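**Q** can't give you the sequence, but here's the structure:
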DNA sequence: GAGTACATGTAAAGGGTTACATGATTGG
DNA sequence: CCAATCATGTAACCCTTTACATGTACTC
């Protein structure tokens, strides 16, 4: 149940409303732990009931700001230092690679080239995020930067692989 | 709904029982599209009812072998050449990186070093698979090899990143 | 005044995980 | 004969996705 810990982590940074959290799930966390609006509000209610977060303020338009409680901080820490639950990585894109032999050679190569193109686009996007940001060097931002760098390297590696794979497919199929 | 297409792809290769498929989901597809036993049998029933697969033989211990039908092959092809549904990548490991600032510097560095260790282990494992296999060069195997190579490069890249990140954390936090 | 962004809530459906449940066959 | 493996089925629970539903405040 990592959505719960994602919310706790975000609230450990600063108090936020469901709407604020939702925006962060759509932006900075989009490639790491995407979450929908309905999920966020549901989990906030559950966390609040469990005493891991609490309402710390209200604002216009029915806005409710939540802050993390001491119990919430303890729960977050337990999860952070606990045993790493495994990836359970599911990739429809890679699954198709397994079945590329069911297509014609040119179709398969085209698929891999499209895969390469997308990864290059993502790579360029992530690099632009890194290069466009103002790096103040506070701990929160350092961690964001590390995660961002992961994405940059991963998209680079995936893009390179896909170009190579398209060549291999043309040669060996 | 990619489980459905994973099963169709495997059955396009050769007729198999639920048990056979389950084994493949635990081995070759484990890092790409893992699936549980209960899922496999359920989906087989649904695919059979939809006419995308059919029972092609029976064996000892109540074994039922399914084969893909022409309708199933058409469905598989539609999915293969259709628009790529996006990743929806969820990584608890990377999520923690986002919140590493909540730990002490040494704890964070230790986490990243453990991350590096795991990726190196996976890298070694995947390389041993590649180097231990008998490569006959048939189309099915070429595709498996391409996917395997993806995993090798990804684990390499992740491991390198984690080592680098541990250093950065020590320096910049 | 209209459109956009802010703000929250819930219900239904789909897919994945865990657990229970059962039985047949093979190999040592 | 006993254990491991082969083989299937299903129920409950949890999480995610999609969709519907509603209302407020700001800006042009």
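**A** Thanks, I have it. Just so you know, these numbers come straight off a predicted model, no measurement behind them.
**Q** grab the longest helix from chain A for me.
**A** Assignment by DSSP state H gives helix A:139-172 as the longest helix of chain A.
**Q** residue ranges with poor pLDDT in chain A?
**A** Where chain A drops to pLDDT under 70, the residues are A:87.
**Q** now do the domain split for it, please.
**A** Annotated domains of chain A cover A:2-81, A:92-172 [automatic domain parsing].
**Q** now do the longest helix of chain A against helix B:139-172, angle only.
**A** If you take axes from the mean of the first three to the mean of the last three C-alpha atoms, to 10 degrees, helix A:139-172 sits at 160 degrees to helix B:139-172.
**Q** DNA strand D contacts on chain A?
**A** Counting by C-beta under 7 Å from any atom of the strand, the residues of chain A close to DNA strand D are A:1-3, A:34-39, A:42, A:60-62. C-beta coordinates here come from the backbone N, C-alpha and C atoms, glycine included.
**Q** coming back round to it: buried residues in the longest helix of chain A?
**A** By neighbour count with 16 or more other C-beta atoms under 10 Å in any protein chain shown, helix A:139-172 contains the buried residues A:139-166, A:168-169, A:172.
**Q** follow-up on the earlier one: looking at the residues of chain A next to DNA strand D, which one is closest to chain B?
**A** The shortest approach to chain B among the residues of chain A next to DNA strand D belongs to residue A:2, at 4.8 Å (C-beta to the nearest C-beta).
**Q** residue closest to the middle of chain A?
**A** Chain A has residue A:32 as the residue nearest its centroid, 1.5 Å off, counting by C-alpha atoms, centre = their mean.
**Q** would you map the strands across chain A?
**A** A:53-58, A:64-68 (DSSP state E).
**Q** what helices and strands are in contact with the last one?
**A** Strand A:64-68 makes packing contacts with helix A:2-13, helix A:37-49, strand A:53-58 when contacts are defined by 3 or more C-beta pairs under 8 Å, 6 or more residues apart in numbering or on different chains; DSSP states H and E.
**Q** relative to residue B:101, which of these is closest?
**A** helix A:2-13 (8.3 Å; C-beta to C-beta).
**Q** what's the burial count for the residue in chain A that DNA strand C sits nearest to?
**A** Among the residues of chain A, residue A:38 lies nearest to DNA strand C; the distance is 2.8 Å by C-beta to the nearest atom of the strand. Residue A:38 has 9 neighbouring residues, counting by other C-beta atoms under 10 Å in any protein chain shown.
**Q** quickly note the distance from it to residue B:15.
**A** Counting by C-beta to C-beta, to the nearest Å, the gap between residue A:38 and residue B:15 amounts to 42 Å.
**Q** buried set for stretch A:64-79?
**A** A:65, A:66, A:68, A:69, A:72, A:75, A:76, A:77, A:79.
**Q** what sits up against it?
**A** With contact meaning C-beta atoms under 8 Å, 6 or more residues apart in numbering or on different chains, stretch A:64-79 is reached by A:5, A:8-9, A:11-12, A:15-18, A:44, A:47-48, A:50-59, B:96, B:99, B:102-103.
**Q** what subset of the residues you listed is buried?
**A** Buried among these by 16+ other C-beta under 10 Å: A:5, A:8-9, A:11-12, A:15-18, A:44, A:47-48, A:52-54, B:96, B:99, B:102-103.
**Q** which bits of chain A sit near DNA strand C?
**A** That would be A:17-20, A:22-23, A:37-38, A:41-42, A:44-45, A:59-64, A:88, A:90, which are the residues of chain A within reach of DNA strand C (C-beta under 7 Å from any atom of the strand).
**Q** got a PyMOL select line for the buried ones in those residues?
**A** The PyMOL command for the buried members of the residues of chain A next to DNA strand C (criterion: 16+ other C-beta under 10 Å) is given here:
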select buried, chain A and resi 17+18+20+22+44+90
